[in-house]
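K.L.:
Next one to model:
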Amino acid sequence: MSHRIRVAPFIAVALIALPATSPAQTFKVDKWNIGGDGGHDYINVEPSTGRVFVSRGTHVMVVDGATGKVLGDIADTPRVHGVGLATKENHGFSTNGGDSSVTMFDLKTLAAIKKISVKVGGLDGIMFDDASNQIVLTNHSRPGTAVTLDAKTGDITGTAELEDNAPEGAATDGKGKIYVNNESKNTIQVVETKGMKVVASWPLAPCEGPTGLMMDRKAMRLFAGCGKTSVVVDATTGKVVANIANGDGVDALAYDAAEKLIYIPAGQSGNVTVVRQDGPDTYTVVATVPTMRGAKTITVDPVTHRAYALALERGPAPAPAPGATPAPGGRGPQGPIVGAWLFAISH
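P.N.:
Numbers count the residues shown, from 1 in each chain. Take a look at the predicted model:
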């Protein structure tokens, strides 16, 4: 089932530097129900094939980004959060929080190669560092950690202790440094890949709860996704150089370097803020694209320039059992999943 809508542009700007004049853009949205069971977290796209890897709680769905057709499934990934892709090695990796493991799989066949035990626990974020040919894990361990794996062998190559138990997104400059968002401390930490040594910690005010992180390597600018106000950071000084107004409930973001567009999904607000990079310190919101509540993570294909987000549609929640007491801070029972909507945003 496919739906297409055209999104009227919306302009809003929130900057430290003065904005350049920048026209709005019109975006179109394809929407497919890919089905399947389980919740979701991060998604990732493989540029060479256009396949979208969607984490679904206990398995990973592989979807054709052009049609929404399900192409395959990777099983036995308990409480999976995300997938990292090392295409040169023909290897994919999934972070499995349920058994504190990483599943290393063949990108062509999707068959599991092996499971790698990561003893620190709390597995969550994952990315590929092309400069060092390593997979980088960011873990909600105690203390939080960044762990690197050799993309060819899957061997653990290093671990860095972080200042926060809730490290989230990571980015790499391609020159030997990894940057990690700390959600609870509202900081970015800088880690040297050689020796996995932490060398700096930068405050991100006015950002609160930084999650997704992307980087423009050429301009040395970091984009930290935050609830309501995301920030741009100079990666040479650690200074916040621009603020960007966006929706609430951000959990990842995406950056299309060729198009100079940043995509910031808001899971609570049910939309994606699209931001044009007019200069290293100047940014303009060119559109607010409606999605659905729950579409909190996003990925962009640098070849097709399509961005992908996923949201689950649920039926009515079951009535609580007579006399049942809700758990403190619990969200209560959820209704059954009746739709898993993959949004493809293009312009």
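K.L.:
which intervals of this protein have sub-threshold pLDDT?
P.N.:
By pLDDT under 70, the weakly predicted segments of the chain are 1-23, 326-331.
K.L.:
And the helix or strand hosting Ser201, what does it pack against?
P.N.:
Secondary structure assignment for Ser201, by DSSP states H and E: strand 197-203. Under the contact definition 3 or more C-beta pairs under 8 Å, 6 or more residues apart in numbering; DSSP states H and E, strand 197-203 sits against strand 156-161, strand 187-192. To be clear about C-beta, it is placed using only N, CA and C from the backbone, and glycine gets the same treatment.
K.L.:
residues in contact with Ile43?
P.N.:
Ile43 makes contact with Val52, Phe53, Val54, Ser55, Gly82, Thr297, Ile298, Thr299, Tyr308, Ala309, Leu310, according to C-beta atoms under 8 Å, 6 or more residues apart in numbering.
K.L.:
how about a cut-off of 6 Å?
P.N.:
Val54, Thr297, Thr299, Tyr308, Leu310 (C-beta atoms under 6 Å, 6 or more residues apart in numbering).
K.L.:
Just checking: what are the partner strands of the helix or strand harbouring the last one?
P.N.:
Under DSSP H and E, the secondary-structure element containing Leu310 is strand 307-314. For strand 307-314, the pairing partners within the sheet under DSSP bridges are strand 298-300 (antiparallel), strand 337-346 (antiparallel).
K.L.:
looking at those strands, which is buried most?
P.N.:
strand 298-300 (a mean of 25; mean count of other C-beta atoms under 10 Å).
K.L.:
I would like the residues contacting that one, please.
P.N.:
Ile43, Asn44, Val45, Ala252, Ala254, Asp256, Tyr263, Pro265, Ala307, Tyr308, Ala309.
K.L.:
Which among the strands paired with strand 307-314 is found nearest to Asp248?
P.N.:
With C-beta to C-beta as the measure, strand 298-300 is the member of the strands paired with strand 307-314 nearest Asp248 (15.0 Å).
K.L.:
Spatially central residue for the protein, please.
P.N.:
Ala252 (3.5 Å; C-alpha atoms, centre = their mean).
K.L.:
and that one, what does it touch?
P.N.:
Neighbour list for Ala252: Tyr42, Gly212, Thr297, Ile298 [criterion: C-beta under 6 Å, 6+ apart].
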